[in-house]
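> Could you look at this predicted model? Sequence included:
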Amino acid sequence: MPSTQPTFTVRGYRPTDRAALEDICVRTAHAGADATGHYREPEIFPAIFATPYAVLEPELTFVADNGERAVGYIVGTADSTRYYAEFRERWLPTVADRFPAPTPPFAGADDGLRHLLHHAEDMLVPEIAAEYPAHLHIDLLPEGQRQGLGRRLMTAFTDALRARGVPGLHLSMNPANTNARAFYDRIGFTELPRPAGKSDVDYLAIRL
């Protein structure tokens, strides 16, 4: 019998998507590849970069669904300054016991991630957020790639931002993730000058 290709849909996030959201994040966290085996506790990645957005701003979380489960997502915020304040006040207390803050001196990437969880506001770059207040994270499993889903997720997200009158959107990314960079270039993001102290991260932005 001929194989049937899944029909992908892009839809709003549901609380039942949370496990899939977290799984996707782990499986794409190592410069676009699976973080499992590269970190002691790869499950910390969604605690920083995925789940808090779905909890704090679910209306700006969208998933790509293959008919059975989510295989990709876009998460973000309309106001980065507000988001990091809410992260500390509302989200961090729910995960701090699971991922305690490390004691200096830090030992490797895992301690660095724990430190970042407890100081997520360090990711805020005020001069960028002033001009491009929204930011995002987008990830797709291999089965959802090259299907046009990245562009569809981005359209759903940016349409929601425009409806709120948000003037600009930015993101930060690992320079090693060249496939993601090519995607952002194609849809009109431009590179920003690197802020002081951010030598290992690329910043891209687009006006809405």
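Yep, it's here.

> just the strands in the chain please.
9-12, 62-65, 70-77, 134-140, 168-173, 190-191, 202-207 (DSSP state E).

> Reformat the ones you listed as TSV; add mean pLDDT, mean neighbour count and distance to Leu149.
(Glycine included, C-beta is placed from N, CA and C.) Shown next, in TSV, are the strands of the chain (pLDDT from 0 to 100; neighbours: other Cβ atoms under 10 Å; distance: least, Cβ to Cβ, whole Å):
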stretch	mean pLDDT	mean neighbour count	distance to Leu149
strand 9-12	97	14	7
strand 62-65	97	26	4
strand 70-77	98	26	6
strand 134-140	97	23	6
strand 168-173	96	20	17
strand 190-191	96	12	23
strand 202-207	97	17	19
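
> looking at the ones you listed, which is closest to Phe106?
Evaluated over the strands of the chain, closeness to Phe106 peaks at strand 168-173, with 20.3 Å, by Cβ to Cβ.

> what helices or strands is that closest one leaning on?
Under the contact definition 3 or more Cβ pairs under 8 Å, 6 or more residues apart in numbering; DSSP states H and E, strand 168-173 sits against helix 126-131, strand 134-140, helix 178-186, strand 202-207.

> wait, which of those is closest to Pro6?
Proximity to Pro6, assessed across the helices and strands packed on strand 168-173 by Cβ to Cβ, is greatest for strand 134-140 (13.2 Å).

> Helices along the chain, start to end?
Here the chain has its helices, by DSSP state H, at 18-28, 44-49, 51-56, 80-86, 92-95, 108-118, 126-131, 149-163, 178-186.

> Nearest to Val63, out of these?
helix 18-28 (7.2 Å).

> Find the nearest non-adjacent residue to Ala64, please.
Spatially, and ignoring its direct neighbours in sequence, Ala64 is nearest to Gly72 (3.8 Å; Cβ to Cβ, 6 or more residues apart in numbering).

> Which strands or helices does the lowest-mean-pLDDT helix or strand in the chain pack on?
Sorted by mean pLDDT, DSSP states H and E, the helices and strands of the chain end with helix 178-186, the least confident at a mean of 92. Identification of packing neighbours for helix 178-186 by 3+ Cβ pairs under 8 Å, 6+ apart yields strand 168-173.
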